[in-house]
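# I'd like to go over a predicted model; first the sequence, then the structure.
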Amino acid sequence: MQNVYLGIVLAPLFGAIIAGLFGRKIGRAGAHWVTIIGVAISFLLSLVVLRHHVWNGAEPYNASVYTWMVIEGIRLEVGFLVDNLTAIMISTVTFVSLMVHIYTIGYMHDDDGYQRFFSYIALFTFAMLMLVMSNNFLQLFFGWEGVGVVSYLLIGFWYKRESAIFASLKAFLVNRVGDFGFLLGIAAVLMAFNSLDYADVFAAAPLMADMTIQIIPGFDWSLITVTCILLFIGAMGKSAQVPLHVWLPDSMEGPTPISALIHAATMVTAGIFMVARMSPLFELSETALSFVLVIGSLTALFMGFLGIIQNDIKRVIAYSTLSQLGYMVVALGVSAYSAAIFHLMTHAFFKALLFLGAGSVIIAMHHEQDIRKMGGLWKHMPITWFTFLLGTLALIGMPGFAGFYSKDSIIEAVHYSHIAGSGFAYLSVVLGVFVTSFYSFRLYFIVFHGKERMDHHTKEHLHETPAVVTVPLILLAIPSVVIGAMTIEPMLFSETFKESILVSSAHNVLEHVQEEFHGAFNFALHGLIGLPFILVLIGFFSTFYLYMVRPDLPGLIQQKWAWLYGFMVRKYGFDEFYQSVFMRGGQNLGTALWKYGDAGLIDGLMVNGTARLVGWFAAITRHVQTGYLYTYAFAMIVGLLILLTWFVTR
């Protein structure tokens, strides 16, 4: 099977290299074919792995493929850990990536950077697969930084736009903050365990549970807690959790296909996967779990609020991603790692569907993204409308749809948790259901129903997008509906992740959820009378009334609550705070260091000061050189008298 595992990661890399280096020679068709074939091979091999490990119950594969170097007994290797968790992740990543690759043919059809874009997204897939399949922290960090670098290139793909340059730089810098914490966490692992191999670290972790370190002299800190929090800071950057979330909405400056790839199956899910993989460490620290839980709760609720006031079709979905990532992090915080991975999987399908559906709308609207200039599109784009509706129903958690099973499982898991912060978390995820329903139906009604608000020229040319765009929508819509019911029992209530995820008996909230579970159908029926579904209905009727019956009311509400609206438009002031404290602070610090350090001390005192001192001394001593013979004779006589005096008086 090792060749299969190598094929999964190398096939997209091969396509990326060919499209990137030889794009001009092979042409546009050659670029998309070589990358699509590479990702398709990876997807098919992922299905082989899924069948081998999940369906046939094969033992996990954990082996080194290549030893890079050995330093004082520490082995730095490239290796694979393939178990059920890995198999599910790589299948999800490669399927969504394949759909995005196919969709890109239609979306980027007229773009000058066609070959470059295909090279980037194939390389992005390779980096994510290396991250997911790693069996050691070094390779994990390689994949982690790989998706970060390629996301920088993709967000700033249209590099002639200042907004794209700003967004890519913002994403890069914010992720550097998170990655610094992540790197410190890996350093702590290496310091404590003298190994970067997962198996070695996880085996020795229980022995280190009571070990303390002193970061500040005189104060003992739990080694495991510090390590886990540092690792999670990395996840806060990659998975866009408060307060390191600010880069994700701006990433919409990149082409829509990459928005779908980043927000659905790669990069932002890397942090969720990493924490689930590190469950043997996190289970040893309730403090770290509480930290994770509170951060996820804040993100799930308050980022959802911001989705309500957005008018850019992609930004509404972007804030939805932030909120749903918060749900996954909440699940991690209550040790429901399986539920987090379950929601990660279902979310990958319906969020990719929503982004690609938004892209289909943008194509038909001649790249108009303001939803206030849309309306009534269901008549002109029936396939996009229907698939977008299915994605919306999955997102809000309509009973029977994929998102319902994963989201309600998280809500139930939080309900049974007793970890510090679980009460606030439960309130957040329950209220988040109403918020999700509100912004989702607001987007749906404004774009696809009501009055047609586009200009006359756009209206005349409105039509459904080509099959290369709509076929991926249909293929993503199918799992968005059925995958939840098909997989809830094996993913949450069986031993699928027994070898991959460790949960202590004190934290096993899914055990309580299982007691109330009597099959997927009954779970959906029970959902029809549950509080979350009531909140979904309230959200639906609220938006229907506000945007279909009384479309004048939102403007009046906005005027009455102008201070709150302004606060939300400013995104709670995070950007302003970072700009004033870090950006301007950094500029002021740099100016001061240049003025007093470089120009003042180094140039002024050391370089120019030395030159001035030499010049001053030379100006004095040059008067000694008169050019007259009697002056030199007189100086020699005086010198001789001084020497004689010195010898006589000794």
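Received, thanks. Numbers count the residues shown, from 1 in each chain.
# residue ranges for the strands of this protein, please.
Counting by DSSP state E, the chain has strands at residues 61-71, 74-82, 212-213, 221-222.
# so which of these gets nearest residue 344?
Residue 344 lies closest to strand 74-82 among the strands of the chain, at 17.8 Å (CB to CB). C-beta here means a position set from N, CA and C on the backbone, and glycine is covered the same way.
# ok, so what distance separates residue 493 from residue 58?
For residue 493, the distance to residue 58 equals 21 Å [CB to CB, to the nearest Å].
# contacting residues for the nearest residue to residue 38 once chain neighbours are set aside?
Nearest non-adjacent residue to residue 38, counting by CB to CB, 6 or more residues apart in numbering: residue 15, 3.0 Å away. Residues in contact with residue 15, defined by CB atoms under 8 Å, 6 or more residues apart in numbering, are 34-39, 118-119, 122.
# One more pass at 7 Å, please.
Counting by CB atoms under 7 Å, 6 or more residues apart in numbering, residue 15 makes contact with 34-35, 37-39, 122.
# Inside helices: which ones of the residues you listed?
Using DSSP state H, 34-35, 37-39, 122 are the members of these that sit in helices.
# can you put the contacts of residue 15 in a markdown table and add neighbour count and distance to residue 289?
Below are the contacts of residue 15 laid out as a markdown table (neighbours: other CB atoms under 10 Å; distance: CB to CB, whole Å):
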| residue | neighbour count | distance to residue 289 |
| --- | --- | --- |
| 34 | 22 | 45 |
| 35 | 31 | 40 |
| 37 | 15 | 43 |
| 38 | 27 | 39 |
| 39 | 28 | 36 |
| 122 | 30 | 37 |
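# Could you point out which of these is nearest to residue 445?
residue 39 (35.3 Å).
# Report the separation between that closest one and residue 277.
Per CB to CB, residue 39 is found 23 Å from residue 277.
# Could you do residue 55 as well?
Going from residue 55 to residue 277 by CB to CB gives 22 Å.
# who has more neighbours, the two?
Remark: of residue 55 and residue 277, residue 277 carries more neighbours, 26 against 11, as counted by other CB atoms under 10 Å.
# burial of the spatially closest residue to the more buried one that is not a sequence neighbour, as a residue count?
With CB to CB, 6+ apart as the criterion, residue 277 has its nearest non-adjacent residue at 7.0 Å, and that residue is residue 85. Neighbour count for residue 85, taken as other CB under 10 Å: 25.
# Also residue 160?
The local packing of residue 160 (other CB under 10 Å) involves 6 other residues.
# Distance check, it against residue 252.
Look at residue 160 and residue 252: by CB to CB, they are 17 Å apart.
# Now do the contacts for residue 293.
Neighbouring residues of residue 293 by CB under 7 Å, 6+ apart: 330, 333-334, 419, 421-422, 425.
# confidence score at residue 180?
For residue 180, the model assigns a pLDDT of 94.
# can you tell me which helix in this structure is longest?
Longest helix in the chain by number of residues, with DSSP H as the criterion: helix 162-193.
# Which elements pack onto that one?
The helices and strands touching helix 162-193, judged by 3 or more CB pairs under 7 Å, 6 or more residues apart in numbering; DSSP states H and E, are helix 137-155, helix 198-204, helix 223-238, helix 247-250.
# helices and strands around the longest one, which ones?
This means helix 137-155. The elements that helix 137-155 packs onto, with contact taken as 3+ CB pairs under 7 Å, 6+ apart, are strand 74-82, helix 114-133, helix 162-193.
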